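Q: here is the input, now give the coordinates:
(one chain, ligands or ions: 1)
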Amino acid sequence: MEIPPFDNRDGFIWMNGKFVPWNDAKCHVITQGLHYASSVFEGERAYKGKIFKSEEHTKRLFKSAETVGIKIPYTQEEINQAKDELISKMGYQDCYVRPIAWRGSQQMGLSTSNADINVAIAVWDDWASYFKIEDRKAGLRLITSPWKRPAPDTAPCEAKASGPYVICTMSKEYAESNGYNDALMLDYRGYIAEGTGANIFFIKDETIHTPIPDCFLNGITRQTVIEMVTKKGFSVEEKHIMPDEITNYDEAFLTGTAAEITPIQSIDSIKFKTGDESQNFQFMQDYHDLVRS
Ligand code: PMP
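A: Modelled structure (predicted):
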């Protein structure tokens, strides 16, 4: 299916307290969020008309905003309500939800003292799968990125802030231009960190390992999956993992709101088990059921 361009669509966007026609939801080219990445956002999914962990996502949006010094001029309840109203106005059951807050165009420069704060929410239903469905089934092919996740005192790693995403877009571009689906990012110490927009897990028998989120986002999906598989009797250990250790694992998968659970078939030349018989395939089904329950 051809995905229509994101800057020319029917429907509405919630922008600064009002529902505006999708194609009129614009901002000026002199926007601090554009020039200096003064912007924070969220990525959420609704299933059967209801956003999964809506309040947790809103809480993170406000925490991210606070971290970068953006004061959102709405309450969390107002944002929660706006998201629900927008989904219902768009008539969606399953969709992706993108709230964003940014410093506007009132002043130019790094100073934030007079910057106006804007908030918008857009929803769309054509990210049924963040990765192509055939790639998801076969498992993704990852390449290690030359770009590293920085130290927590170098970038706001717990905030979903637009600035640090340039590392992700450069890594994704590196992967795709080399014929891979995604990139594995290491951190500033050389430990395995995550994918470009998702956390990573490794499986060996009944044991699951995932990197300690001390310099990247502790994803809401990551936390959900840890709880889900623990309930199923697996033991999950958060640990620092060096790249030369991953040959020890049988399987690997990514987790994220957009990616949900997506199996990995290889990282560089290291191969992992995927398909109907794999554990990650079962987890994919379990997660599918959980978010719709
Ligand atoms: N890491 C990065 C860089 C991400 O963009 C995302 C997606 N928000 C995640 C991890 C996973 O976070 P979540 O499960 O909360 O979507």
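
Q: mean confidence (pLDDT) on stretch 41-54, please.
A: Taken as a whole, stretch 41-54 carries a mean pLDDT of 98.

Q: can you check stretch 146-162 too?
A: Stretch 146-162 shows a mean pLDDT of 97.

Q: show me the contact partners of it.
A: 33, 37, 39-43, 60-61, 63-64, 67-68, 102, 163-164, 167, 170-171, 174, 183, 185-188, 193-194, 214-218 (C-beta atoms under 8 Å, 6 or more residues apart in numbering). Quick note: C-beta positions are derived from backbone N, CA and C, even for glycine.

Q: break this structure into its domains for me.
A: As given by automatic domain parsing, the domain ranges for the chain are 12-124, 133-291.

Q: dump the ones you listed to CSV, plus distance to residue 3 and mean neighbour count.
A: Below are the domains of the chain laid out as CSV (distance: least, C-beta to C-beta, whole Å; neighbours: other C-beta atoms under 10 Å):
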stretch, distance to residue 3, mean neighbour count
domain 12-124, 9, 17
domain 133-291, 13, 18
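
Q: for the ligand, which of those domains is the nearest?
A: Among the domains of the chain, the nearest to the ligand by C-beta to the nearest ligand atom is domain 133-291 (2.7 Å).

Q: can you list the low-confidence ranges for the stretch 1-150 of the chain?
A: Counting by pLDDT under 70, the ranges of the stretch 1-150 of the chain that qualify are 1, 129.

Q: how does it look with 50?
A: In the predicted model of the stretch 1-150 of the chain, no residue satisfies pLDDT under 50.

Q: tell me which parts of it are close to the ligand?
A: Taking C-beta under 6 Å from any ligand atom as the criterion, the stretch 1-150 of the chain approaches the ligand at residues residue 43.

Q: quick check on residue 240: phi, psi?
A: Dihedral pair for residue 240: phi -70, psi 130, per degrees, to the nearest 10.

Q: quick one, what contacts it?
A: Taking C-beta under 8 Å, 6+ apart as the contact definition, residue 240 lies against 189, 191, 211-212.

Q: one more time with 10 Å
A: Neighbour list for residue 240: 187, 189-192, 209, 211-212, 214 [criterion: C-beta atoms under 10 Å, 6 or more residues apart in numbering].

Q: likewise residue 221?
A: By C-beta under 10 Å, 6+ apart, residue 221 lies in contact with 43, 45, 52-53, 198-199, 228, 254-261, 287, 291.

Q: those residues in helices, which ones?
A: The helices, defined by DSSP state H, take in 228, 287, 291 from those.
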